[in-house]
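>>> no FASTA, just this:
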DNA sequence: CGTGGTGATCTACATTGTATAGATCTACAG
DNA sequence: CTGTAGATCTATACAATGTAGATCACCACG
């Protein structure tokens, strides 16, 4: 059943890829499917259902990650997510917009659980570290996709020009570094290394949780 | 000038807080200000301008962070951001939705730069670690605000029920841990500890101002 | 031949953002 | 006081959107 549903969701993703998320209207998606707008409703519920479905379909495109050490699996997953975000930037921005509990999302969470367990992280730290890891990976992907890192739209010099130099001592101190252009692939890899190092921190403290104060 | 603009943006934030971001319509905001919808346009440009303005106003409410060690300043900033996200969950979800380069946002970035520099992070690593830190903090705040962590809406048991148990070995292994309810404040503090530990990894103990060549 | 029932369609409507044009207020020069 | 320029708000209108409600086309099975 519901090969039609996937057809609809793929059409919606295509519209988002080509003309941006704002162009994803019931009418536009319907026209792409070759059908009347009202015909979508039995399959996706309503507009929000359509967006949720798009997100689910997106996560469903993550390849299954298996084999190899846990670091490798985590890295593969993270890179796949980032690639997906690059392919579907519009849909990616939905990731932080609504709570998604699709089966595919749960499967991804589970694979991160497994990686952390295999790394030797004590069970009571695994859920937290999963949220930390996924938040960072998704946040990075969305930031790139949504332009939050401001890669193309505005160069650092212009950004600095927005405020008097005296108010931005950090930017001033880092002037030369900030003027270099960023190798985003390398940055992502470096972040992954930091992440795995962070995880490895927990591999020796079997069973005992660190004490937090707040 | 433009005390009116701030009045409009505050009205928009109030509408978002009370009835959700979707309820932020030109008409609703205008009515709250006591004015006609079209009267907003000279002040905010258009709807997107209104949303950007809301985000700017939000970040502008971050208290200035000064004094103390860099860890303390980072922690204060992160907690303030999280508190703000709790107060304005609707507007918070805008953080990853559009590229914001408001003066207030740049000021926040600068204060993180300063903290990292003071921590002794080499200059060529500072921008990357700033993005890592801010992505994690904002991502966490938005995840809580948008319900991505699924705290209230669906308990872990129900989530696990979505797929056959055999397909979720990680969830199965962590069953008891997952059934406990999460102390989000403590989790956030633990993440901050992990973050500062990660930053300390890059600390230069020789303490001399490095000279960069490239 | 019906006879369901599963989809798609057609029409209609309230709500949204906003273009356009006109009205009203403020401040000051004569 | 009078008039005038500029800024600000209002009134009206319109196209686009999501979606309710009723109707209709098909198609397997008795």
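Good, I have the coordinates. In this text, all values refer to a predicted model and were calculated from it rather than measured experimentally.
>>> lowest average confidence, helix or strand, in chain A?
Lowest mean confidence among the helices and strands of chain A (mean pLDDT, DSSP states H and E): helix A:156-160, at a mean of 62.
>>> quick one: stretch A:182-195 near chain B?
Yes. Contact of stretch A:182-195 with chain B (CB under 8 Å from any CB of the partner chain) involves A:182, A:187, A:190-191, A:194. Every C-beta, even on glycine, is put in place using the N, C-alpha and C of the backbone.
>>> have a look at those and tell me the least confident one.
The lowest pLDDT within these belongs to residue A:182, with 94.
>>> that residue - how many residues pack around it?
Neighbour count for residue A:182, taken as other CB atoms under 10 Å in any protein chain shown: 15.
>>> same question, residue A:42
Count around residue A:42 with other CB under 10 Å applied: 10.
>>> what residues are up against the most centrally placed residue in chain A?
Centre of chain A computed as the mean C-alpha position; nearest residue by CA atoms, centre = their mean is residue A:138, 2.6 Å away. Residue A:138 makes contacts with A:81, A:95-96, B:139, as judged by CB atoms under 8 Å, 6 or more residues apart in numbering or on different chains.
>>> list the buried residues in the helix or strand where it lies.
Using DSSP states H and E, residue A:138 maps to helix A:126-146. Residues of helix A:126-146 classed as buried: A:126-146 (neighbour count, 16 or more other CB atoms under 10 Å in any protein chain shown).
>>> what about residue A:25, distance to residue B:26?
19 Å (CB to CB, to the nearest Å).
>>> these two - which one has more neighbours?
Taking other CB under 10 Å, residue A:25 and residue B:26 do not tie; residue B:26 has more neighbours (18 against 14).
>>> not counting sequence-adjacent ones, nearest residue to that one?
The shortest distance from residue B:26 to any non-neighbouring residue, by CB to CB, 6 or more residues apart in numbering or on different chains, is to residue B:37 (4.4 Å).
>>> quick one: pLDDT of the one you found?
Reported pLDDT for residue B:37: 97.
>>> please apply the same query to residue A:97.
At residue A:97, pLDDT is 89.
>>> show me what contacts it?
Contact partners of residue A:97, counting by CB under 8 Å, 6+ apart, are A:51, B:93, B:97, B:146.
>>> how close does the residue nearest to the centre of chain A get to residue A:62?
Residue A:138 sits 12 Å away from residue A:62, going by CB to CB.
>>> same question, residue A:84
Residue A:84 is 7 Å from residue A:62, by CB to CB.
>>> give me the three-state assignment for the spatially closest residue to residue A:120 that is not a sequence neighbour.
Leaving out its chain neighbours, the residue that sits closest to residue A:120 by CB to CB, 6+ apart is residue A:203, at 3.7 Å. Recorded secondary structure, residue A:203: coil (DSSP: H, G, I helix; E, B strand; the rest coil).
>>> over to residue A:62?
coil.
>>> hang on, isn't it packed against residue A:80?
Yes. Using CB atoms under 8 Å, residue A:62 is in contact with residue A:80, at 5.4 Å.
>>> got phi/psi on residue A:180?
Dihedral pair for residue A:180: phi -70, psi 150, per degrees, to the nearest 10.
>>> quick one, grab the pLDDT at it.
Looking at residue A:180, the pLDDT reads 92.
>>> burial of it, as a residue count?
For residue A:180, using other CB under 10 Å, the count is 12.
>>> and the gap between it and residue B:113?
15 Å.
>>> following the helix or strand hosting residue A:8, which helix or strand shows up next?
Residue A:8 is part of helix A:3-19 when elements are defined by DSSP H and E. Scanning forward in sequence from helix A:3-19 by DSSP H and E, the next helix or strand is helix A:26-33.
>>> and that next one, what's buried?
For helix A:26-33, burial by neighbour count (16+ other CB under 10 Å) applies to A:26, A:28-30, A:32-33.
>>> same thing with stretch A:70-80?
Result for stretch A:70-80 [16+ other CB under 10 Å]: buried residues A:70-71, A:73-78, A:80.
>>> give me the below-cutoff pLDDT ranges for chain A.
Counting by pLDDT under 70, chain A has low-confidence residues at A:1, A:151-166, A:204-214.
>>> show me which residues of chain A sit near DNA strand C.
A:4, A:30, A:35-36, A:38-39, A:42-43 (CB under 7 Å from any atom of the strand).
>>> kindly recompute the last result at 6 Å.
Along chain A, the residues adjacent to DNA strand C under the rule CB under 6 Å from any atom of the strand are A:4, A:35-36, A:38-39, A:42.
>>> list, out of those, those positioned next to DNA strand D.
Filtering those for neighbours of DNA strand D using CB under 6 Å from any atom of the strand leaves residue A:38.
>>> give me the buried subset of the residues of chain A next to DNA strand C.
For the residues of chain A next to DNA strand C, buried by 16+ other CB under 10 Å: residue A:35.
>>> now do the contacts for the residue of chain A at minimum distance from DNA strand C.
In chain A, the residue that lies nearest DNA strand C is residue A:36 (2.9 Å; CB to the nearest atom of the strand). Each residue near residue A:36 by CB under 8 Å, 6+ apart is listed here: residue A:30.
>>> cool, and residue A:9?
Residue A:9 touches A:44, A:50, A:53-54, A:56-57, counting by CB under 8 Å, 6+ apart.
>>> give me the subset of those touching chain B.
Of those, not one also sits near chain B (CB under 8 Å from any CB).
>>> what is the nearest of those residues to residue B:19?
residue A:50 (22.5 Å; CB to CB).
>>> give me the neighbour count for the residue lying closest to that closest one once chain neighbours are set aside.
Excluding the flanking residues, the one nearest residue A:50 by CB to CB, 6+ apart is residue A:44, at 4.3 Å. The number of residues packed near residue A:44 is 20, by other CB under 10 Å.
>>> thinking residue A:44 is in contact with residue A:56, fair?
No. Contact criterion CB under 8 Å: residue A:44 and residue A:56 do not qualify, at 10.7 Å.
>>> anything in contact with each of residue A:138 and residue A:62?
residue A:81.
>>> who touches stretch A:109-118?
Contact with stretch A:109-118 is made by A:65, A:69-70, A:73-74, A:77, A:123, A:125-127, A:129-130, A:133-134, A:199, B:167-171, B:173-174, as judged by CB under 8 Å, 6+ apart.
>>> returning to what we had before: and of the buried residues of helix A:26-33, the nearest to residue A:105?
Minimum distance to residue A:105 across the buried residues of helix A:26-33 is 22.1 Å, recorded for residue A:29 (CB to CB).
>>> that closest one contacts residue A:15, correct?
Yes. Using CB under 8 Å, residue A:29 is in contact with residue A:15, at 5.9 Å.
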